[in-house]
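**Student:** Just the structure for this:
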Amino acid sequence: MQSVSMFYESIEVKLQIGPDICDITPDLDQLVRESDIKNGSLYATMVGSTGSITTIEFEPGAVEDLKRAIKRLAPPGLEYEHEKAWHDGNGHSHVQAALLGPSIVLQIRNRQLRLGTWQQVVAINHDNGPRARTVEVTIIGIKQD
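**Tutor:** Alright, predicted model coming up:
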């Protein structure tokens, strides 16, 4: 009988003023290789309330479309209750990040992330300043035979 193993690690991502989008797929692929998990799941969570994780085809057009959509969902410059309390100008950042979500679960099959041909995992900074973001990664599954 095979037992379930767990592997965990952090990756650091430097992002510019939001929305800034960075492809973290190569980092996650590397962690899958290091984990030696053959079949299982990868859980990735962005630490912080103004960052998010999702998937997209990481090409300039789709990235620009996503940035525009994010700005339309919760544009800067509107009145946000958060800014009334904290006066930091980033109420929109919290709303944008909450709408996209801080985490993602991806499947691992045969030691590879199960992603579509044109699908990459991206970290997004929504804040009004550059940020060094931490992504916590946990991989759970059956190890290589």
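**Student:** CA atoms for contacts and neighbours, from now on please.
**Tutor:** OK.
**Student:** Can you name the residues bridging to residue 121?
**Tutor:** residue 55 (DSSP bridges).
**Student:** Contact partners for it?
**Tutor:** Residue 121 makes contact with 23-25, 53-56, according to Cα atoms under 8 Å, 6 or more residues apart in numbering.
**Student:** Can you turn the buried subset of those into a selection I can paste into PyMOL?
**Tutor:** Here is the PyMOL command that selects only those of the contacts of residue 121 that count as buried (16 or more other Cα atoms under 10 Å):
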select buried, resi 23+24+25+53+54+55
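**Student:** State the distance from the residue nearest in space to the middle of the chain to residue 2.
**Tutor:** Nearest to the mean C-alpha position of the chain, by Cα atoms, centre = their mean, lies residue 53 at 2.3 Å. Distance of residue 53 to residue 2, given as Cα to Cα, to the nearest Å: 31 Å.
**Student:** How is the nearest residue to residue 124 once chain neighbours are set aside assigned, secondary-structure-wise?
**Tutor:** Closest residue to residue 124 apart from its sequence neighbours, by Cα to Cα, 6 or more residues apart in numbering: residue 21 at 4.6 Å. Classification of residue 21 by DSSP: H, G, I helix; E, B strand; the rest coil places it in strand.
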